[in-house]
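Visitor: Have a look at this fold, sequence not included:
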């Protein structure tokens, strides 16, 4: 798969239901600082206020922070097998769109890679994709989803801001419960519609839509794309739907439409942003291709920064390194830690750095600070899925850039990534 060579959208879905989940009948041994996930029962998955199935705990819960590893978070969100088939498809859609770790969509090189990682982690997504009626239910929800154009940032603050002012605004939001609540709500809704559009781009969903419904889907997606593109806030940002469909392609067929990149036909063309490819050098002088993107804007920076901080409360946000699409984990770890919100390089793969003699592998455990770490997952097409820098080798603490998200300081076992970790010096 190719890396991101484009801006990403920030949109708000009004139809996503934000639920409060019951914690009754679950034992949490807080003194031990952990949640006994095995104590969850079928009853704990039922929201008694609506008599529907929902997650027993979410990022809004005080108990979320007691999940100390990614595996514990994944386990807490796994739907018990005895109720998985009983959940209606409408309920399952709402569960998937409220998955507590939806921000992981933005933690990889592409939306599709982020989607695939969630699919590995969350059985509810696999179940949804297997159901024949999910396609029409998702399409109906999409048709009834409104794209709001107002910003959560007050109009008086909506100006061309330099990086220092954006970082100051991030800090101000952190210290204001009112602003923080608004940003978190906007981020949840943004992540839900991104997931909805990426879902609708999957083969399992499109294969169950008639040609007429595929035409309806394309018409709706084009209208939503134009709405964003013509707005002050989202102008120029691509749709995750088309970005997923057009990944590694210049043209796709959808119903009666032939969708292409950058053609003169406004009815069928998706305009890609101004991104270009250049190269950087490894310490041994090998050229590595990197992408220079257009910065995706302060709303995306603020929303994604807050979203990752909320979803991963046991990781520490590195101040001054907010979410941006200008550089990613590989570029941060192997090329430079001095990149900024609006100036940097997106590197799809660090392959050259670990094969040309610039670095040598020391094993699956670090032996010193400032070593590099590389997550390898053979289940992914891009199996070099994440890179970071060892901050404290004795505690295996890592500093890394999470895709389009912020730079985070975290335990090696606490991040959106799974796979075998190899360390380099």
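Guide: Yep, it's here. Worth saying up front: this structure is predicted, and the values here are computed from it rather than measured.
Visitor: Okay, now the unreliable bits of the stretch 101-250 of the chain?
Guide: Residues of the stretch 101-250 of the chain meeting the criterion pLDDT under 70: 152-163, 175-177, 230-238, 248-250.
Visitor: Helices of that one, start to end?
Guide: With DSSP state H, counting those that start in this stretch as the criterion, the stretch 101-250 of the chain has helices at 111-121, 123-130, 134-143, 163-174, 177-200, 203-206, 211-229, 240-245.
Visitor: which residues sit in contact with the nearest residue to residue 357 once chain neighbours are set aside?
Guide: The shortest distance from residue 357 to any non-neighbouring residue, by Cβ to Cβ, 6 or more residues apart in numbering, is to residue 284 (5.3 Å). Bear in mind the C-beta positions are built from the backbone N, C-alpha and C, glycine included. Listed by Cβ atoms under 8 Å, 6 or more residues apart in numbering, the contact partners of residue 284 are 356, 357, 358.
Visitor: and which of these is nearest residue 41?
Guide: Ranked by distance to residue 41 (Cβ to Cβ), the contacts of residue 284 are led by residue 358 at 52.5 Å.
Visitor: Skipping its backbone neighbours, what lies nearest residue 303 in space?
Guide: Nearest to residue 303 is residue 187, by Cβ to Cβ, 6+ apart, at 4.2 Å.
Visitor: re the thing from before, can you say which of the contacts of residue 284 are buried?
Guide: Among the contacts of residue 284, the ones that count as buried by 16 or more other Cβ atoms under 10 Å are residue 358.
Visitor: As a markdown table, the contacts of residue 284 with distance to residue 214 and secondary structure would be great.
Guide: Listed next are those as a markdown table, based on distance: Cβ to Cβ, whole Å; DSSP: H, G, I helix; E, B strand; the rest coil:
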| residue | distance to residue 214 | secondary structure |
| --- | --- | --- |
| 356 | 46 | coil |
| 357 | 50 | coil |
| 358 | 48 | coil |
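Visitor: The residue nearest to residue 303: neighbour count?
Guide: By other Cβ atoms under 10 Å, 27 other residues sit near residue 187.
Visitor: circling back to that earlier point, compare the helices of the stretch 101-250 of the chain and give me the one nearest residue 367.
Guide: helix 111-121 (28.5 Å).
Visitor: Counting by contacts, list what that closest one packs against.
Guide: For helix 111-121, the elements it packs on are helix 123-130, helix 177-200, helix 240-245, judged by 3 or more Cβ pairs under 8 Å, 6 or more residues apart in numbering; DSSP states H and E.
Visitor: Buried residues, that helix. List them.
Guide: Those would be 111, 112, 113, 114, 115, 116, 117, 118, 121, for helix 111-121 by 16+ other Cβ under 10 Å.
Visitor: so the first one touches residue 240, yeah?
Guide: Think residue 111. Yes. If you go by Cβ atoms under 8 Å, residue 111 and residue 240 touch, sitting 5.2 Å apart.
Visitor: How far off centre is stretch 389-408?
Guide: Distance, stretch centre to chain centre, for stretch 389-408: 17 Å (Cα atoms, centre = their mean, to the nearest Å).
Visitor: buried residues in it?
Guide: Of all the residues in stretch 389-408, those buried under the rule 16+ other Cβ under 10 Å are 389-391, 393, 396-408.
Visitor: Could you do stretch 329-338 as well?
Guide: 329, 330, 331, 332, 333, 334, 335.
Visitor: Grab the nearest non-local neighbour of the fifth one.
Guide: Translated: residue 333. Excluding the flanking residues, the one nearest residue 333 by Cβ to Cβ, 6+ apart is residue 387, at 3.8 Å.
Visitor: The one you found - how many residues pack around it?
Guide: As a burial measure, residue 387 scores 27 neighbours (other Cβ under 10 Å).
Visitor: Give the phi and psi angles for it, as a check.
Guide: Backbone torsions for residue 387, taken as degrees, to the nearest 10, come to phi -130, psi 150.
Visitor: residues touching it, list them.
Guide: Neighbour list for residue 387: 329, 330, 332, 333, 334, 350, 372, 373, 374, 375, 400 [criterion: Cβ under 8 Å, 6+ apart].
Visitor: Beta-bridge partners for it, please?
Guide: Residue 387 has these beta-bridge partners by DSSP bridges: residue 374.
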